[in-house]
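Kindly generate the corresponding structure for this input.
(chains A and B)
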Amino acid sequence: GAVVSQHPSRVICKSGTSVKIECRSLDFQATTMFWYRQFPKQSLMLMATSNEGSKATYEQGVEKDKFLINHASLTLSTLTVTSAHPEDSSFYICSARSGLVEKTQYFGPGTRLLVL
Amino acid sequence: GENVEQHPSTLSVQEGDSAVIKCTYSDSASNYFPWYKQELGKRPQLIIDIRSNVGEKKDQRIAVTLNKTAKHFSLHITETQPEDSAVYFCAASKDASKLTFGTGTRLQVTL
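Take a look at the predicted model:
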C-alpha cells in the first residue's frame, strides 16, 4: 500500500515552454501533497505544500507564479513549471500524506526535467 | 523554522561492520523523525521513523535512537551489506506539518 506515482519520469523541453508534472496517490486518498526539488548530490528542498481543494502554501523564495500547483482531487496534484529556463532543470519529487494527522510521507519516483 | 544538521556527509564501512549517522534538530517542538534511504535517481524510501514519545526503535538491522533533551537522533545499521549503499536522509517535523530534511549521508559499504 501507500504507492505514489509521478508522470512523466523524464522530460526535456525548450526554454520558454511550460511543463506539467502529475503526482498521483494510487491506493489512498492524499489530503496533503508536497512538492520538492532536488539538485544533484543535495538534499530535498520543499517547494510547496498543497491541500486538496485549497491554494498551495509556498516556501520562502519559491515563485508561485512560476511553479503552479493544483490539487483538485484527493488523488492528484499537478506542478506546472511555467516559462521554463535552464536553471529550472532539476529532479522534482512529490510526496503524499493520507490524513491531516498522519505524519508519514510517501514519495513519488521523481521527474527529471531538463530545459535546453 | 526548523533546522536539521546531519553528519557525516560520507561514510565508508566494510561489509559486516556497523554504520551510524547522526542528526541534530533545532525546534524542541518537533516530534516526528523519519529516516529515508535514496538510491541514485530513485525516490526516497522510508526505512524507519520514531516519534518523540519513545527513545529507541528497532527493525531488524536498523535502529533509531532519540535524545529529546539534546535534540539529536541517530540511525544505526548493523551487519552492513553492499545493498545498504545509498544516500540516507534524516528529517524532522512537528505534528503532521512539513518535513525538514538533513543534508544527507552517502553510505558506501565495501566488500
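
switch to C-alpha atoms for all contacts and neighbour counts from now on
Noted.

Nearest the geometric middle of chain A, what residue?
residue A:35 (3.5 Å; CA atoms, centre = their mean).

Skipping adjacent residues, who's closest to residue 83 in space?
Here I'm looking at chain A. If the residues on either side of it in the chain are set aside, residue A:83 comes closest to residue A:16, at 4.2 Å by CA to CA, 6 or more residues apart in numbering or on different chains.

Wait, chain B was what I had in mind.
Excluding the flanking residues, the one nearest residue B:83 by CA to CA, 6+ apart is residue B:109, at 7.8 Å.

Please apply the same query to residue A:15.
Leaving aside its sequence neighbours, residue A:15 sits nearest to residue A:85 (CA to CA, 6+ apart; 4.9 Å).

tell me, how many neighbours does residue A:50 end up with?
The local packing of residue A:50 (other CA atoms under 10 Å in any protein chain shown) involves 23 other residues.

partner strands of the helix or strand harbouring it, parallel or antiparallel?
In the assignment (DSSP states H and E), residue A:50 maps to strand A:44-51. Here strand A:44-51 is paired, per DSSP bridges, with strand A:32-38 (antiparallel), strand A:57-58 (antiparallel).

quick one: average confidence on the longest one?
Read it as strand A:32-38. Average pLDDT, strand A:32-38: 94.

With the last one instead?
Per-residue confidence for strand A:57-58 averages out to 94 on the pLDDT scale.

Which residue ranges of chain A form strands?
Ranges of strands in chain A, per DSSP state E, are A:4-7, A:10-13, A:19-25, A:32-38, A:44-51, A:57-58, A:67-73, A:76-81, A:90-97, A:106-107, A:111-115.

What parts of chain B come near chain A?
Applying CA under 8 Å from any CA of the partner chain, one finds that chain B approaches chain A through B:32, B:34, B:42-46, B:89, B:95-98, B:100-104.

what about 7 Å?
Residues of chain B found near chain A (CA under 7 Å from any CA of the partner chain) are B:42, B:43, B:44, B:95, B:96, B:101, B:102, B:103, B:104.

Touching, the second one and residue A:111? I think so.
Spelled out, it's residue B:43. No - with contact defined as CA atoms under 7 Å, residue B:43 does not reach residue A:111; the gap is 9.8 Å.

hang on, the earlier thing: out of the strands of chain A, flag the one nearest residue B:52.
Among those, strand A:90-97 comes nearest to residue B:52, with 19.5 Å by CA to CA.

I'd like the distance from stretch B:50-65 to the chain centre, please.
Here stretch B:50-65 is found 10 Å from its chain centre; the criterion is CA atoms, centre = their mean, to the nearest Å.

scratch that, stretch B:20-36 is what I was asking about
How far stretch B:20-36 lies from its chain's middle: 8 Å, per CA atoms, centre = their mean.

How about stretch A:44-53?
Relative to where its chain is centred, stretch A:44-53 has its mean C-alpha point 7 Å off (CA atoms, centre = their mean).

buried sites along that stretch?
Across stretch A:44-53, burial judged by 16 or more other CA atoms under 10 Å in any protein chain shown covers A:44, A:45, A:46, A:47, A:48, A:49, A:50, A:51, A:52.

biggest separation within those, which pair?
Spatial extent of those (CA to CA) is set by the pair A:44 and A:52 at 22.3 Å.

which of the residues of chain B next to chain A count as buried?
B:43, B:44, B:95, B:96, B:101, B:102, B:103, B:104.
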